[in-house]
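K.L.:
Below is the sequence, then the predicted model.
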Amino acid sequence: MESEGLLYRGPATDHPTEIWDYPRARWVPYRYAGPEKKGWGRQVTPTAAKALKKNNPAAEHFMYYDAPPWSQPLGRAYRDSVMPEHVKKRIAEIQNSRRNS
């Protein structure tokens, strides 16, 4: 199914469960999965779906602006491995101050 130029799939056109991860060319779980309002998406042909997977201006938009709907929450271990030490320290300070208040 398609909605606002992006490619989704699921049990019905108003119930997306997966979204096409445009930059990585793969299906991923849709983080807002579940029933949408009637008329949210539309059925597309296999040919149209194939076209949405490549050279898609709507998907390109999300590579530069806004948070892409195909982005996945990162695990704590990954965040900890890439987060600068000064940021980790500040987060710990904030968490400790919240616990103590």
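P.N.:
Here it is on my side, so go on.
K.L.:
so where's this protein uncertain?
P.N.:
Low-confidence regions of the chain, defined by pLDDT under 70, span residues 72-75, 77-78, 81-82.
K.L.:
ok, 80 please
P.N.:
63-68, 70-83, 101 (pLDDT under 80).
K.L.:
Domains in this structure, by residue range?
P.N.:
By the assignment in automatic domain parsing, the chain contains the domains 2-70, 74-101.
K.L.:
Can I get the ones you listed in a markdown table including mean neighbour count?
P.N.:
Bear in mind the C-beta positions are built from the backbone N, C-alpha and C, glycine included. Written out in a markdown table, the entries for the domains of the chain read as follows (neighbours: other Cβ atoms under 10 Å):
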| stretch | mean neighbour count |
| --- | --- |
| domain 2-70 | 14 |
| domain 74-101 | 9 |
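K.L.:
then the helix or strand where residue 93 lies to PDB, C-alphas only?
P.N.:
Assigned by DSSP states H and E, residue 93 belongs to helix 85-100. These are the backbone C-alpha positions of helix 85-100, laid out as PDB (Å, rounded to 0.1, in the frame of the first residue of the first chain):
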ATOM      1  CA  GLU A  85      31.400  10.500  27.200                       C
ATOM      2  CA  HIS A  86      30.400  14.100  28.100                       C
ATOM      3  CA  VAL A  87      26.800  13.400  26.900                       C
ATOM      4  CA  LYS A  88      26.600  10.200  28.900                       C
ATOM      5  CA  LYS A  89      27.900  12.100  32.000                       C
ATOM      6  CA  ARG A  90      25.200  14.800  31.600                       C
ATOM      7  CA  ILE A  91      22.400  12.200  31.100                       C
ATOM      8  CA  ALA A  92      23.500  10.400  34.300                       C
ATOM      9  CA  GLU A  93      23.500  13.700  36.200                       C
ATOM     10  CA  ILE A  94      20.000  14.500  35.000                       C
ATOM     11  CA  GLN A  95      18.700  11.100  35.900                       C
ATOM     12  CA  ASN A  96      20.300  11.200  39.300                       C
ATOM     13  CA  SER A  97      18.800  14.700  40.000                       C
ATOM     14  CA  ARG A  98      15.300  13.400  39.000                       C
ATOM     15  CA  ARG A  99      15.700  10.300  41.300                       C
ATOM     16  CA  ASN A 100      16.700  12.500  44.300                       C
END
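K.L.:
Cheers, nothing more for now.
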